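only geometry, no sequence info:
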């Protein structure tokens, strides 16, 4: 237990300051402060000595170095049970400082404001983090409160111990203090990386704010949590049970596809983080129905994501099948009323989410694999028609639709489409021919009475042999889009011409593992 | 351009200090220093003033607050073209300090040493990061060198500009400085999280050292890089071309399975980050051959990972097929000689890698999903035999082998095995019945003349209906292992008894998406 006699307060967020001061007074704790905090403390009617008066060092260069003074830092850093330290303090008439209350002006807020670069740099706090780090280092003797959310626990601790704190509490506060300072500098360095377009700096810092601990991870014996690199996730849950780890994973899978489709016309159905139906249609009911028709069995218990506002008529359709999650670009009142009748169904408004991720990160064996996100927007210039038969605009747009879906399907990926809707998806196979077979089988099961015309297929990477295309054409496919790059590209073009199909080569490959 | 007149040096790593001093002297730059750095500078025969002499503030509390002084920090932080700042410095006889050379004692090294907690905390640097942050903030006027690897560029810059530096250079150094301080505090907070078992702190900091920029990411239009959360990856490349993003991804997939198998007997073959053959056999040639036999077509161009030392005889076998990567728990001389004959084949020694990852992280839409890794080691207590027919030890061990492989296969996962080798793997399907069909088809293609006995199957999650089990049994499977949890569990037990097969329920599910 350590009794607190003297505190230094320097805070940006003045919320609940009065409450803290009340308890400091109760336990007879003297206060040092400066600037805005000093003024506020005086205004609230509490006693306080100004830093410059305390150190005897005059204010200079706009007060930038007020607390960077031996009298302050020796007061914080001195080891209380070290006789020589004690002697030093006595000799120079320095007091021990037992409590530091500091919070930083949130740098993320500064960055999202319209400040210019110079102003942003000016806002970097030097004195504050140094106080916090000094106190956190010497937590054996000193308490550091580095965030307003700690106030309640701090006051409880003070009350419990009548103005003292336990080592355990001080250690916890120290831990959190280094998170604050590390986080602060991570944000600053991220800002510099951004303005200098330094994608892969020598050291990489990734940081997040805890949004919630999850019931468990991907499986019940794993623990899980979700963080936001910003202040929140912008995933607005309007109805339903808490979101699980797998729910979040599915939501992100569904959204990445939804956000890639033409606005206000696309429906995606996801199961096990893989799409099992995607459709683009101006008629929103058809958009959903066609997506569902791709694989209604897999859709059972799945996630539906519409990149448009969900209205009453669609809500009535959605209600007919068992779904875990419904995502919409907003919901109208009637739709929401209908969907809310099912207490368990998770209803997510994704209208606030924009896909501005720059990088994906995965971790394994103490490594981090980083890559820029596969955000390419396709234009006709990305493709070359290599077959004798040329696609008309309608076919070309269908092929581009198929190819776009393909990149969200786990490799090897084969997507068969008709009329801007998937009708067969083959995924996650080590061999491309197997993905072809799976896609064809799916098509044959759920579209067995389909007119075998205007059926197109996309592959996420080149066909290494002609067999995949042969299978697809036998199943009714009349146009194929694929990246080039095989040593057999010429053979494949020849083969396509022999079969009389359209073949389009893309300039980009879209593996997704 | 800013001329450097005065520098403050405080370094832990004294490497190349002499070189730096030579150039500082050449450009007539005065030096302030203290402690070990001061002594070293004097020893090397250069002029230098001690910090305490410069500030006039006596040494106290073991020199913990030497540089935390207004004279130092006003000298760094003063805005050179601000008249009032200039006046202040003049008034108090403070000099401008234009260059800070600081490097921190690497905290990761401290943590991997055998220091006790108290010593570790004592090693937290307060003065150094404050100097670096002050200088980095005021990069408009000040250069900060925060890592020895910057020395060369700094000397080049000095020479190019005859003792001055450009704004661009100072900005770059400032960027890197905040990476250093953020990194430093991230490591400290990680240490605290670890000792207090704080898995999901309010703020999460993840940090890595750049190992290499990669030619590209998962696809050529994406940029990629790999970082280590430690100092290196411990992936030792003995032969072959540079590793690509997908190579790393495949290697991690292969290793996670290899490390889970009984030591010195396991072979794993991976393609597109998915296993296409796993075998455990005391005879190492058989171990490889049986893994290969599972799906030799997918294995083409794949990754082979043996959790034992690869010797000559196996190397000759490996040479027969086209592989991208061969991973061994070491290689003997003869084996390496044989494998090195193929210049392109990547040969990886993984003997230094231990799987101690605590958490997996994936990022999406500015979120981070964190979970503890699925590291469960299976014991017989994790399983309950629910069928009338009970497995003998051999069958039980085979089932546990199958179930272990299952958790590394993308969900939904079905793994069919015989004699501790996979013979059919179905993966990545939104519906479980489809994974069953794929696994069976694979088995029928590559093991069509197999004696249909002692064939077992594992599922990563429960069967929702009896149809999957029905398909497997029809294909020759006589024992099934699966997690429980379906509302139809009882029906499934009844069904298994009707078919006369062994059914084992596991207490844990193993989704992997």
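Thanks, I have the structure now. All values reported here derive from a predicted model rather than from experimental measurement.

contacts, neighbours, all on C-alpha from now
Fine.

where along the stretch 151-300 of chain A do the strands fall?
Ranges of strands within the stretch 151-300 of chain A are A:164-165, A:203-214, A:224-228, A:236-239, A:266-271, A:274-280, based on DSSP state E, counting those that start in this stretch.

Dump these into a markdown table; add mean neighbour count, distance to residue B:251 and mean pLDDT as well.
Below are the strands of the stretch 151-300 of chain A laid out as a markdown table (neighbours: other C-alpha atoms under 10 Å in any protein chain shown; distance: least, C-alpha to C-alpha, whole Å; pLDDT from 0 to 100):
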| stretch | mean neighbour count | distance to residue B:251 | mean pLDDT |
| --- | --- | --- | --- |
| strand A:164-165 | 20 | 50 | 98 |
| strand A:203-214 | 20 | 22 | 96 |
| strand A:224-228 | 25 | 25 | 97 |
| strand A:236-239 | 17 | 38 | 97 |
| strand A:266-271 | 29 | 27 | 97 |
| strand A:274-280 | 30 | 23 | 97 |
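
Make JSON lines from those strands and add distance to chain B to it.
Compiled in JSON lines, those are given as follows (distance: least, C-alpha to the nearest C-alpha, whole Å):
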{"stretch": "strand A:164-165", "distance to chain B": "18"}
{"stretch": "strand A:203-214", "distance to chain B": "5"}
{"stretch": "strand A:224-228", "distance to chain B": "4"}
{"stretch": "strand A:236-239", "distance to chain B": "14"}
{"stretch": "strand A:266-271", "distance to chain B": "5"}
{"stretch": "strand A:274-280", "distance to chain B": "7"}
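
List just the one of these that sits closest to residue A:450.
strand A:274-280 (16.3 Å; C-alpha to C-alpha).

what sits against residue A:334?
Going by C-alpha atoms under 8 Å, 6 or more residues apart in numbering or on different chains, residue A:334 touches A:311, A:312.

Pull up the per-residue confidence for it.
At residue A:334 the predicted local distance difference test score is 97.

Residue A:361 now?
Among the per-residue scores, residue A:361 shows a pLDDT of 95.

what's the distance between it and residue B:363?
Shown here: residue A:361 relative to residue B:363, a distance of 6 Å by C-alpha to C-alpha, to the nearest Å.

hmm, back to that, using TSV, lay out the strands of the stretch 151-300 of chain A together with distance to residue B:215.
As requested, the strands of the stretch 151-300 of chain A are arranged in TSV below (distance: least, C-alpha to C-alpha, whole Å):
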stretch	distance to residue B:215
strand A:164-165	54
strand A:203-214	18
strand A:224-228	29
strand A:236-239	38
strand A:266-271	32
strand A:274-280	28
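
Looking at those, which is nearest to residue B:93?
Judged by C-alpha to C-alpha, the one of the strands of the stretch 151-300 of chain A that comes nearest to residue B:93 is strand A:203-214, at 38.4 Å.

Residues touching the closest one, excluding its own?
Defining contact as C-alpha under 8 Å, 6+ apart, one finds that strand A:203-214 is touched by A:183, A:186-187, A:190, A:223-233, A:243-245, B:179-180, B:182-183, B:200-210, B:227, B:367-368.

just to revisit the earlier point, of all the strands of the stretch 151-300 of chain A, which lies closest to residue B:257?
Scanning the strands of the stretch 151-300 of chain A with C-alpha to C-alpha as the criterion, the closest one proves to be strand A:224-228, at 21.9 Å.

Check which helices and strands the closest one sits against.
strand A:203-214, helix A:245-258, strand B:367-372 (3 or more C-alpha pairs under 8 Å, 6 or more residues apart in numbering or on different chains; DSSP states H and E).

Can you tell me the number of residues neighbouring the nearest residue to residue A:335 once chain neighbours are set aside?
Counting by C-alpha to C-alpha, 6 or more residues apart in numbering or on different chains, the nearest residue to residue A:335 once its immediate chain neighbours are dropped is residue A:312, at 4.1 Å. Here the neighbour count serves as a burial measure; for residue A:312 (other C-alpha atoms under 10 Å in any protein chain shown) it reads 17.

What separation do you get for residue A:443 and chain B?
Relative to chain B, residue A:443 is positioned 13 Å away (criterion: C-alpha to the nearest C-alpha, to the nearest Å).

hmm, who's touching the host helix or strand of that residue?
In this structure, residue A:443 sits in helix A:432-446 according to DSSP states H and E. Contacts of helix A:432-446 with the rest of the structure, by C-alpha under 8 Å, 6+ apart, involve A:293-295, A:412-416, A:423-429, A:463, A:467-468, A:471-472, A:475.

from those residues, which are also near chain B?
The subset of the contacts of helix A:432-446 within reach of chain B, counting by C-alpha under 8 Å from any C-alpha of the partner chain, consists of A:412, A:427, A:428, A:429.

who does residue A:239 bridge with?
Taking DSSP bridges, one finds residue A:347 as the beta-bridge partners of residue A:239.

what sits against residue A:337?
Residue A:337 sits next to no residue when contact means C-alpha under 8 Å, 6+ apart.

Could you tell me which ranges of chain A sit under the pLDDT cut-off?
By pLDDT under 70, the weakly predicted segments of chain A are A:357.

Centroid-wise, who is the farthest residue in it?
Outermost residue of chain A with respect to the C-alpha centroid, by C-alpha atoms, centre = their mean, is residue A:91; its distance is 53.3 Å.

My guess is residue A:386 contacts residue A:505. True?
Yes - here residue A:386 lies in contact with residue A:505, judged by C-alpha atoms under 8 Å, at a distance of 6.7 Å.

I'd like the distance between residue A:258 and residue A:32.
With distances defined as C-alpha to C-alpha, the gap from residue A:258 to residue A:32 amounts to 55 Å.

With neighbour numbers in mind, choose between these two.
When residue A:258 and residue A:32 are compared for neighbours, residue A:258 comes out ahead with 29 against 23, by other C-alpha under 10 Å.
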